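1. Just need the structure, nothing else, for what follows:
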Amino acid sequence: MARTTEKDLNYLIGILNNALGAPSQTWVNGKAQIGNYHLYRTQGLWSVHVVMNTSGGVHTARSATSPRELRTWLEGAVWGINARS
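-> Residues are numbered from 1 along each chain as shown. Model (predicted):
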């Protein structure tokens, strides 16, 4: 299996935001965009956060994991959303 890169994860986050009708940018003119899903990286592990208020408060939709595991989770989330349609 090919190495999962940050570019791969950002691509899937874009698909997720699009599928949900969520904003594609986290911040616009100094205000956080409620509903935006975005990546968060700490100590080599990746998480997915969703913006909950205009001050930038977030909820962790997927806690810290390896890039490969996060890719699998994102692919499953996108598949599940598209299956509803």
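2. residues in contact with residue 63?
-> residue 47 (CB atoms under 8 Å, 6 or more residues apart in numbering). No exception for glycine: its C-beta is placed from N, CA and C like everyone else's.
3. Average pLDDT for stretch 32-40, rounded please.
-> Here stretch 32-40 scores 98 as its mean pLDDT.
4. can you tell me the distance between the two ends of that stretch?
-> Counting by CA to CA, to the nearest Å, you get 15 Å between the two ends of stretch 32-40.
5. Buried residues, it. List them.
-> Neighbour-count burial for stretch 32-40, counted by 16 or more other CB atoms under 10 Å, picks out 32-33, 36-39.
6. The residue nearest to residue 14 when sequence neighbours are not counted: neighbour count?
-> Nearest residue to residue 14 in three dimensions, chain neighbours excluded: residue 24, at 6.5 Å (CB to CB, 6 or more residues apart in numbering). Residues lying near residue 24 (other CB atoms under 10 Å) number 13.
7. could I get the buried residues of stretch 32-40 as JSON lines with secondary structure and distance to residue 16?
-> Output for the buried residues of stretch 32-40, formatted as JSON lines (DSSP: H, G, I helix; E, B strand; the rest coil; distance: CB to CB, whole Å):
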{"residue": "32", "secondary structure": "strand", "distance to residue 16": "17"}
{"residue": "33", "secondary structure": "coil", "distance to residue 16": "14"}
{"residue": "36", "secondary structure": "coil", "distance to residue 16": "10"}
{"residue": "37", "secondary structure": "strand", "distance to residue 16": "5"}
{"residue": "38", "secondary structure": "strand", "distance to residue 16": "10"}
{"residue": "39", "secondary structure": "strand", "distance to residue 16": "11"}
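8. residues contacting residue 57?
-> The contact partners of residue 57, by CB under 8 Å, 6+ apart, come to 32, 51.
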